[in-house]
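Visitor: Pasting the sequence and the predicted model now:
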Amino acid sequence: MATQQSTASKGRASPREKASGAPASSISGSGSERDEVYGLISVLYHALQGAETYARYCEDARRAGDDELLEFFEECQDDEVDRAERAKELLATRLDTYAEDAGDDDDDEDEDEEEVDDEEEIDEER
């Protein structure tokens, strides 16, 4: 029975580790925002890549005069485009939500800065 070595034991990082700069175990499995966004971006990327590949297959079928294959590849391409559009919509709503949440944090920072400015003015008056 052959044993398999993990990529970590071979000293190679997974694509997810390379993209994030962190071990996959530290950003997976928890249902965090980062996991959700990563998943949507991955689906979007692969759907667009698939649509591009199917476009080449369509062209090949068109050159071969094979209408049945052309129709099949066009259906596959349409499915990928639909998937990419759905992923973009889902990603946009989540990024908007995260931006709003980050904006709330910025408001707190602005208030802190105003308090510091007020304290500096009081110190100058003394």
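Guide: Now that the structure is in, tell me what you want to look at. Numbers count the residues shown, from 1 in each chain.

Visitor: all contacts plus neighbour counts: C-alpha atoms, from now on.
Guide: Noted.

Visitor: burial count for D35?
Guide: The number of residues packed around D35, counting by other CA atoms under 10 Å, is 14.

Visitor: for R83, same thing?
Guide: With other CA under 10 Å as criterion, R83 counts 18.

Visitor: ok, now how distant is it from H46?
Guide: Counting by CA to CA, to the nearest Å, the gap between R83 and H46 amounts to 10 Å.

Visitor: Also L95?
Guide: Here the criterion is CA to CA. By it, L95 lies 19 Å from H46.

Visitor: One more: C58?
Guide: On the measure of CA to CA, C58 and H46 end up 18 Å apart.

Visitor: So which of these two has more stuff around it?
Guide: Neighbour totals were compared for C58 and H46, and C58 leads with 23 against 15 (other CA under 10 Å).

Visitor: ok, that one - contacts?
Guide: Listed by CA atoms under 8 Å, 6 or more residues apart in numbering, the contact set of C58 reads L69, L70, F73, E74.

Visitor: ok, now R63?
Guide: The contact partners of R63, by CA under 8 Å, 6+ apart, come to none.
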